[in-house]
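Participant: what shape does this take:
(chains A and B)
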2 protein chains.
Amino acid sequence: MIAAQFSRTGAPADVLEVVELPDPGPPDAGEVVVDLVAAPINPSDLYTIQGTYGIKPPLPAVPGFEGIGAVAAVGDGVTHLRAGDRVLLVTAPGTWRSRVRLKAAGLFALPPGDDLQLAMLGANPPTAILMLEQFVSLAAGDWVLQNAANSGVGAAVVAAARARGVRTVNVVRRDSAVDGVRALGGDVVLVDGPQLAERAQAAVREAGGDPARLRLALDAVGGKATGRLMRGLAHGGTVVNYGGLSGEAIELNPRDMIFLGTTVRGFWLVPWFRTAPREEQARVVGEAARLIATGALRTPVEATYPLSLAREACAHAAREGRSGKVLLVAG
Amino acid sequence: MIAAQFSRTGAPADVLEVVELPDPGPPDAGEVVVDLVAAPINPSDLYTIQGTYGIKPPLPAVPGFEGIGAVAAVGDGVTHLRAGDRVLLVTAPGTWRSRVRLKAAGLFALPPGDDLQLAMLGANPPTAILMLEQFVSLAAGDWVLQNAANSGVGAAVVAAARARGVRTVNVVRRDSAVDGVRALGGDVVLVDGPQLAERAQAAVREAGGDPARLRLALDAVGGKATGRLMRGLAHGGTVVNYGGLSGEAIELNPRDMIFLGTTVRGFWLVPWFRTAPREEQARVVGEAARLIATGALRTPVEATYPLSLAREACAHAAREGRSGKVLLVAG
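Facilitator: Model prediction:
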């Protein structure tokens, strides 16, 4: 079996290598052996390899926070899984390996569906769902403002918002991304820049909405973009930051903070997976699976690479201006 | 009578003038006439004159958000006030006038005390008290981290925290300010700069405290200073910004926001005075008056100017490196 691995942190092109590891062997009682089907390359994976993420695994480490596998062999006493079933890879970080032996008790068979889409179930859709639920109590007819709307989380926000009757003002950084977000079901799509707040509020009004119902903004960009989102919100709104794609510090004018009565929060999925009750996790993952199964959420895919080309895949994933996600698949 | 007045917004040195206004005349039934005793010059006054504050009064306007006056004449039917009583000037903005006629019903006689200290009762102490109460539930033994600790609000935070058994880590921007904050009762005083977060946590430990109980930071500076405070807090802490003394945008690293689970909020006193129930306002103003009467809160005063020199007083108040507040007094 093979795995992508890094022994020191740094640019993936410098430190990531594909290595042969000993096969995990046949399953013991209560275990299954699972072969990799597909695993996406998310920004959090690249940050982990660079050593700049909130999780710093002991080295050498296998990256990968999510993905799905196919059950290859079933140990004694396992009755709820059979060969070929798709399961979430729950070994995060460390999903970028061709084969793994797992306790069967924590696994469940995913509903049938597109393998690549199911491989993206574990991180972005729960992030989107929880950001829509944890900070502001939203009702049908409310609006949400988000940037990086053409990202994986962005697509999931559009789908999860639509499922709640909540409409979205979507902000992207380049003209060429507008049509893609419209096709995903984004109600309003704007290109970031001057007067964003005024344009967002005007677009809500034009769409028959009320800018006073813009109370939640989701920011993955940082820099001055965070302040532009903030000024688009109604008084007392909440900005949730979950990324720093600009590579710049969040900039907020104290006057805006004080006079608009805004709250700014950070969101990180990892502690939720560690602390939320199992039923709550099942509810959120279940909603994500339904959004995918019904076609409500379809994350654009730009390329797939075999695991043996993980380094090249990371280089591709780090490029600006992609039209969709890069995933690793078996091979 | 005279008043300070501005007919267009701009630098106080350019736009503020002292003008003669018609005397308000004798009190009607239920009214009193009050003569100015003292009114502090706060940053919010300078911002209002510059046109950059959240309140933009119709022009020409008399500035001044707080101050006290002495009852000069009492109208028919007013029994709870007598000549010479000190009362809060409740005409904000507009306290910078030598005489005013007011409904007596909203006024009460202040406890005896130092006129200059009482004149600073209405804005900074309630700001400090409410910031300690509204965002994080604090108990004796908790710690609060604040910058601009040598400001008027900073002194009130130290006093109001001590009254709650809450200890303070106080940050100032220059060595020469350290002793003043120690004299006010600040438990720890640090000069802002590199490794502030580590120094703050180490100082709490040295003082026998637990850095996990640093859950609230109060920021009046903005710029990179906000992020330095944020990193000093325990996981899940709250930063409350109430000013931008650096003149720079708040800068926050998205990684800190996300991985530390921080909340950043703005605080502004004005809406609270508009919306809080009268009993709640009386409770907070009463606590402020007690802190002053007992000597627990004594805000340093650098200079007093007669109202006729309001322009010169504002120039003084705008200077960097003051050792205390500048106030206007009768004359």
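
Participant: now residue A:305: which helix or strand?
Facilitator: Assigning secondary structure by DSSP states H and E places residue A:305 in strand A:301-306.

Participant: wait, residue A:134 sits on residue A:268?
Facilitator: No - with contact defined as Cβ atoms under 8 Å, residue A:134 does not reach residue A:268; the gap is 11.4 Å. In short, each C-beta sits where N, CA and C put it, glycine included.

Participant: identify each buried residue in the biggest strand by length in chain A, please.
Facilitator: In chain A, taking DSSP state E as the definition, the longest strand is strand A:31-40. Using 16 or more other Cβ atoms under 10 Å in any protein chain shown as the test for burial, strand A:31-40 gives A:31-34, A:36-40.

Participant: and stretch A:115-134, by the same measure?
Facilitator: A:115-132.

Participant: average model confidence for that stretch?
Facilitator: Average pLDDT, stretch A:115-134: 95.

Participant: residues in contact with the regular element (helix or strand) spanning residue A:283?
Facilitator: Using DSSP H and E, residue A:283 sits within helix A:278-293. Residues outside helix A:278-293 that contact it (Cβ atoms under 8 Å, 6 or more residues apart in numbering or on different chains): A:88, A:110-114, A:117-118, A:121-122, A:125-126, A:129-130, A:156, A:159-160, A:163, A:272-273, A:276, A:296-298.

Participant: circling back: return the subset of the buried residues of stretch A:115-134 lying in helices.
Facilitator: Residues of the buried residues of stretch A:115-134 located in helices (DSSP state H): A:115-119, A:124-132.

Participant: which segments of chain A make up each domain?
Facilitator: A:2-120+A:299-329, A:124-269 (automatic domain parsing).

Participant: report the angle between the longest strand of chain A and strand A:301-306.
Facilitator: Using axes from the mean of the first three to the mean of the last three Cα atoms, to 10 degrees, the inter-axis angle of strand A:31-40 relative to strand A:301-306 is 130 degrees.

Participant: pull the distance from strand A:31-40 to the chain's centre.
Facilitator: 19 Å (Cα atoms, centre = their mean, to the nearest Å).

Participant: ok, stretch A:170-185 next?
Facilitator: With Cα atoms, centre = their mean, you get 17 Å for stretch A:170-185.

Participant: do that stretch and chain B meet?
Facilitator: No - between stretch A:170-185 and chain B, judged by Cβ under 8 Å from any Cβ of the partner chain, nothing touches; the nearest distance is 16.0 Å.

Participant: for that stretch, what is the average pLDDT?
Facilitator: 95.

Participant: contacting residues around it?
Facilitator: Counting by Cβ under 8 Å, 6+ apart, A:145-150, A:154-155, A:158-159, A:162, A:186-192, A:196, A:200, A:221, A:225, A:229, A:296, A:298, A:300, A:321, A:323 sit against stretch A:170-185.

Participant: intersect those residues with the contacts of chain B.
Facilitator: Applying Cβ under 8 Å from any Cβ to these, none is adjacent to chain B.

Participant: next, the buried residues of the strand holding residue A:305.
Facilitator: Under 16+ other Cβ under 10 Å, the buried positions of strand A:301-306 are A:301, A:304-306.

Participant: the helix or strand that contains residue A:271 near chain B at all?
Facilitator: Element membership of residue A:271, judged by DSSP H and E, is helix A:269-275. Yes - using Cβ under 8 Å from any Cβ, helix A:269-275 reaches chain B at residue A:271.

Participant: return the set of buried residues in that helix.
Facilitator: A:269-270, A:272-273.

Participant: how about the residue sitting nearest the centre point of chain A: what's its closest non-neighbour residue?
Facilitator: When chain A is reduced to its mean C-alpha position, the nearest residue by Cα atoms, centre = their mean turns out to be residue A:124, at 2.2 Å. Here the nearest residue to residue A:124 in space, its sequence neighbours aside, is residue A:152; by Cβ to Cβ, 6 or more residues apart in numbering or on different chains that works out to 4.1 Å.

Participant: list phi and psi for the one you found.
Facilitator: phi -60, psi -50 (degrees, to the nearest 10).

Participant: that one - how many residues pack around it?
Facilitator: For residue A:152, the count of nearby residues is 23 (other Cβ atoms under 10 Å in any protein chain shown).

Participant: quick one: it and residue A:41 touch, right?
Facilitator: No - counting by Cβ under 8 Å, no contact exists between residue A:152 and residue A:41, whose distance comes to 10.3 Å.

Participant: joint contacts of those two?
Facilitator: Residues touching both residue A:152 and residue A:41 (Cβ under 8 Å, 6+ apart) are residue A:325.

Participant: who's in contact with the residue of the stretch 101-250 of chain A at minimum distance from chain B?
Facilitator: Residue nearest to chain B within the stretch 101-250 of chain A (Cβ to the nearest Cβ): residue A:244, separated by 3.3 Å. Neighbouring residues of residue A:244 by Cβ under 8 Å, 6+ apart: A:220-222, A:250, B:253-255.

Participant: dump these into CSV; add secondary structure as well.
Facilitator: CSV is the format used below for the contacts of residue A:244 (DSSP: H, G, I helix; E, B strand; the rest coil):
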residue, secondary structure
A:220, coil
A:221, coil
A:222, coil
A:250, strand
B:253, coil
B:254, helix
B:255, helix
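
Participant: which one of the residues you listed sits in the busiest neighbourhood?
Facilitator: Going by other Cβ under 10 Å, residue A:250 tops the contacts of residue A:244 with 30 neighbours.

Participant: separation between the residue nearest to the centre of chain A and residue B:57?
Facilitator: The spacing between residue A:124 and residue B:57, counted by Cβ to Cβ, to the nearest Å, is 49 Å.

Participant: ok, which stretches of the stretch 1-150 of chain A are strands?
Facilitator: Assigned by DSSP state E, counting those that start in this stretch, the strands in the stretch 1-150 of chain A fall at A:2-6, A:16-20, A:31-40, A:68-74, A:86-88, A:99-103, A:143-146.

Participant: deepest of those strands, which one?
Facilitator: Counting by mean count of other Cβ atoms under 10 Å in any protein chain shown, strand A:143-146 has the highest mean neighbour count of those, with a mean of 29.

Participant: distance between it and the chain's centre?
Facilitator: Relative to its parent chain, strand A:143-146 has a centroid offset of 17 Å by Cα atoms, centre = their mean.

Participant: same for that strand, what does it pack against?
Facilitator: Using 3 or more Cβ pairs under 8 Å, 6 or more residues apart in numbering or on different chains; DSSP states H and E, the elements in contact with strand A:143-146 are helix A:152-163, strand A:167-172, strand A:214-219, helix A:224-232.

Participant: identify the neighbouring strands of the second one in the sheet and state each direction.
Facilitator: Just to be clear, that refers to strand A:167-172. strand A:143-146 (parallel), strand A:188-191 (parallel) (DSSP bridges).

Participant: what mean pLDDT does the last one get?
Facilitator: Right, strand A:188-191. 98.

Participant: burial count for the nearest residue to residue A:196 once chain neighbours are set aside?
Facilitator: Spatial nearest neighbour of residue A:196, chain neighbours left out: residue A:228 (4.2 Å); criterion: Cβ to Cβ, 6+ apart. For residue A:228, the neighbour count with other Cβ under 10 Å is 24.
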